[in-house]
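What shape does this take:
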Amino acid sequence: MTFRNGLDSLLRPEDSVLVLIDHQPYQLANLNSHDPQAVVNNATALAKLAKAFKVPTILTSVIAARGGLLFKQITDVFPDQEVIDRTWVNTWQDEKVVDVVRATGRKQLIIAGLWTEVCVAMPVIQALGEGWDVSVITDACGGVSTESHQVAIQRMITAGANIMTVMALAGEWQRDWARTEHVEELTEIMISHMGGSGIAYLWEQQLLKTPVENDAG
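I've put the predicted structure just below:
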């Protein structure tokens, strides 16, 4: 196995391209590895992160006429963008999707979708075999069971995939708090989607604005 380490292995927004796969009602209906609400929340946060950091994002569904449209929370982030609807189960066998990804000129491929064991694992394994640097955002994915999700992750790790979460990706893309151009958007994403971290941030802001009485003497 080739180990992924060193500074150059960390993700950079200027080298990243995101593919969101099949976040659709049919898949959500049999999502049992995670709380479905959490997956919708995390996938939406992921989409917003990509937009904030100007990372090209490809939206794709499979037979949307039967499986349903992509979650509104995601398409609202990219209101004018075409969703590529496929017949291929394996997204990486759909030439239109791959052509759009290649046209970005970027090699750090980031993937999330439903279900982990099928619509995520298949393109990840194929893309890895073609030389792409592939990362999977596991908490924006989900499977039909906990076992299905976990086995798929192990399978992708064995194939060479990098496994991350939304929070980890946000940290790698931001990298340095001296980079202030994304801080406002990142803060709003944290408040809206990152639970206790967002609440703690608001509490911190409250405390900083609260006068402290001087009880001395």
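
for this protein, which helix is longest?
As assigned by DSSP state H, the longest helix anywhere in the chain is helix 36-52.

Pull up the pairing partners for whatever helix or strand comes next after it, direction included.
Counting by DSSP states H and E, the next helix or strand C-terminal to helix 36-52 is strand 57-62. Strand pairing for strand 57-62, determined by DSSP bridges: strand 16-21 (parallel), strand 84-86 (parallel).

between these, which gets nearest to G195?
strand 16-21 (21.2 Å; CB to CB). Heads up, the C-betas are built off the backbone N, CA and C, glycines and all.

what's in contact with that closest one?
43, 46-47, 50, 53, 55-60, 70, 74, 91, 97, 101, 104, 106, 108-114, 119-120, 123, 140, 173 (CB atoms under 8 Å, 6 or more residues apart in numbering).

What of stretch 138-147?
So stretch 138-147 is contacted by 20, 27, 30-34, 36, 38-39, 42-43, 45-46, 112-117, 120, 149, 152-153, 163-166 (CB under 8 Å, 6+ apart).

if I look at H34, how far off is V97?
25 Å (CB to CB, to the nearest Å).

burial count for the closest residue to S192 other than its chain neighbours?
The shortest distance from S192 to any residue other than its chain neighbours is 6.8 Å, reached at G198 (CB to CB, 6 or more residues apart in numbering). Neighbours of G198 under the rule other CB atoms under 10 Å: 16.

Residue nearest the middle of this structure, spatially speaking?
L46 (4.1 Å; CA atoms, centre = their mean).

L208 versus that one, what's the distance?
29 Å.

what's the answer for P123, then?
45 Å.

tally of neighbours for L69?
15.

ok, back up a step: from the contacts of stretch 138-147, which land in helices?
Q27, P36, A38, V39, N42, A43, A45, L46, H149, A152, I153, V166.

quick one: the closest residue to the fourth one other than its chain neighbours from Q93, how far?
Right, the one you point to is V39. In this structure, V39 finds its nearest non-sequential neighbour in G142, 4.8 Å apart by CB to CB, 6+ apart. Going from G142 to Q93 by CB to CB gives 22 Å.
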